[in-house]
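Engineer: Let me see the structure of the following:
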Amino acid sequence: MKVLLAYKPGELRVVEMETPRPGPKELLCKVAHCGVCATDVAIMKGVLNLGDGNDPVYPVRLGHEWSGIVTEAGEGCWRLGVGDRVISDTGYFCGECEMCRKGQYQACLNGRAIGTIRDCWPGAFAEYMLIPERMAYRVPDGVPLDEAALIEPTSIGFYGLKRAGFTPETTLLVVGTGPISLGGMACAKALGIGKTIVAGRKEAKLRIARELGADLTVNMTKENLYDVVMRETGGRGAEIVMDSTGAPELLNDSMLMVRGSGTLVIPAFYEKILDGVKLDRLIVKNCTLVGAAGTPNIGPVVLSLIESGRLNLMPMLTDRFPFDRVIEAFGAVTARNESRIKVMVDFP
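Structural biologist: All right, here's what the predicted structure looks like:
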């Protein structure tokens, strides 16, 4: 089978590898679609810097935002079988360690990322993907596989908002217009959150935010975001602010716009030690800081929202490439930054 490797920093290669066979309780899947994540691009360029032993181990078989169809099921599989359409979690968990037994799968003592950092589980930029059955979820018949491949980034933002907690009276401010923030916002809107304000710098992306349910969009190159938020919230700030930009210069502003006893959700990486962070802006207001890097078991919730008709993620799919142009797809993440939300690779 053909696979895409970040062979070393600065070099992508499409190479031939042996197609794996599923072991007990494993599924072999024909990949249908795989999104290109900013983390994939950073690993390809050799600039990802998460510290604390989180460096990628090259060569990296990239890809974690995927969907596909089961072609073989190993001995002991019982939930899923040949022909089932699936997505998966993006963190390997063993299911047996102390943390897994507590249901804290994201803290698995034997955990591995899929297609990204450390000695990762081989990713989904490949014609076939091997995955433990416990990490895979059936895609309902009414959900397109390309939309299903958008669930992984969506689930990260949604997980952060679920941890923050929201009601129909909640005002949400989203700073940033990537798929994590827009997908998370769309899920919260589908579940009845109150007013949603999305801020960004690209008008094309703000139009997509409105398609996904944003009540108000703010172009930060034309309006003062703080003034808009205070106007829209009666001078109190938003109950939840989700800052997905990873931009240190915006972090202090985000903390300033959180209401007292509110929550700041950060589903982004800063990749450096931050100087000048005015953390007292959260502390003095008794606010909560929530980090969100994804967790197992959120995918099925998003699938159910799409199946019910309450959620449509397709406006986020702005650019598509066939697998034989996958290297060009990586370049498009930067080249089409003015308008792209998600670049998707389609497999034959």
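
Engineer: going forward, measure contacts between C-alpha atoms and count neighbours the same way
Structural biologist: Noted.

Engineer: In stretch 16-30, which residues are buried?
Structural biologist: For stretch 16-30, burial by neighbour count (16 or more other C-alpha atoms under 10 Å) applies to 22, 23, 25, 26, 27, 28, 29, 30.

Engineer: For residue 106, give me phi and psi.
Structural biologist: Per-residue torsions, residue 106: phi -70, psi -10 (degrees, to the nearest 10).

Engineer: Give me the number of neighbouring residues for it.
Structural biologist: 19 (other C-alpha atoms under 10 Å).

Engineer: okay if I get the buried residues of stretch 16-30 as a markdown table plus secondary structure and pLDDT?
Structural biologist: As requested, those are exported to a markdown table (DSSP: H, G, I helix; E, B strand; the rest coil; pLDDT from 0 to 100):
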| residue | secondary structure | pLDDT |
| --- | --- | --- |
| 22 | coil | 98 |
| 23 | coil | 97 |
| 25 | coil | 97 |
| 26 | strand | 98 |
| 27 | strand | 98 |
| 28 | strand | 98 |
| 29 | strand | 98 |
| 30 | strand | 98 |
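
Engineer: pLDDT score for the spatially closest residue to residue 257 that is not a sequence neighbour?
Structural biologist: The shortest distance from residue 257 to any non-neighbouring residue, by C-alpha to C-alpha, 6 or more residues apart in numbering, is to residue 237 (5.0 Å). Confidence at residue 237, expressed as pLDDT, is 98.

Engineer: With residue 255 as the reference, measure out to residue 237.
Structural biologist: 10 Å (C-alpha to C-alpha, to the nearest Å).

Engineer: so where do the helices sit in the stretch 51-200 of the chain?
Structural biologist: In the stretch 51-200 of the chain, the segments counted as helices under DSSP state H, counting those that start in this stretch are 98-101, 145-148, 151-164, 179-190.

Engineer: Of all these, which one is nearest residue 196?
Structural biologist: helix 179-190 (7.6 Å; C-alpha to C-alpha).

Engineer: got a list of contacts for the closest one?
Structural biologist: For helix 179-190, the surrounding residues in contact (C-alpha atoms under 8 Å, 6 or more residues apart in numbering) are 151, 153-159, 161, 174-175, 196, 209, 212-214, 242-244, 267, 302, 305, 310-311, 313, 316, 341-342.

Engineer: Tell me the buried residues within those.
Structural biologist: 151, 153-159, 161, 174-175, 196, 209, 212-214, 242-244, 267, 302, 305, 311, 313, 316, 341-342.

Engineer: Show me what counts as buried in stretch 102-113.
Structural biologist: 105, 106, 107, 108, 111, 112, 113.

Engineer: swap in stretch 55-62?
Structural biologist: Of the residues in stretch 55-62, those buried (16+ other C-alpha under 10 Å) are 55, 56, 57, 58, 59, 60, 61, 62.

Engineer: quick one: contacts for the fourth one?
Structural biologist: Spelled out, that is residue 58. 6, 7, 8, 9.

Engineer: related to what we said a few turns ago, including distance to residue 192, could the buried residues of stretch 16-30 go into JSON lines?
Structural biologist: Putting the buried residues of stretch 16-30 into JSON lines (distance: C-alpha to C-alpha, whole Å) gives the following:
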{"residue": "22", "distance to residue 192": "41"}
{"residue": "23", "distance to residue 192": "42"}
{"residue": "25", "distance to residue 192": "38"}
{"residue": "26", "distance to residue 192": "37"}
{"residue": "27", "distance to residue 192": "36"}
{"residue": "28", "distance to residue 192": "37"}
{"residue": "29", "distance to residue 192": "35"}
{"residue": "30", "distance to residue 192": "36"}
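
Engineer: Between the helices of the stretch 51-200 of the chain, which one is closest to residue 260.
Structural biologist: So among the helices of the stretch 51-200 of the chain, helix 151-164 is nearest, using C-alpha to C-alpha, at 13.7 Å.

Engineer: and that closest one, C-alpha only, in CSV?
Structural biologist: The C-alpha coordinates for helix 151-164 follow below in CSV (Å, rounded to 0.1, in the frame of the first residue of the first chain):
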residue,chain,number,x,y,z
ILE,A,151,-15.3,15.1,13.5
GLU,A,152,-11.8,14.8,15.0
PRO,A,153,-10.9,18.6,15.0
THR,A,154,-14.5,19.4,15.8
SER,A,155,-14.5,17.1,18.8
ILE,A,156,-11.5,18.9,20.4
GLY,A,157,-13.3,22.2,20.6
PHE,A,158,-16.5,20.6,21.6
TYR,A,159,-14.8,18.7,24.4
GLY,A,160,-13.5,21.9,25.8
LEU,A,161,-16.9,23.5,25.7
LYS,A,162,-18.5,20.5,27.3
ARG,A,163,-16.0,20.7,30.2
ALA,A,164,-16.8,24.4,30.6
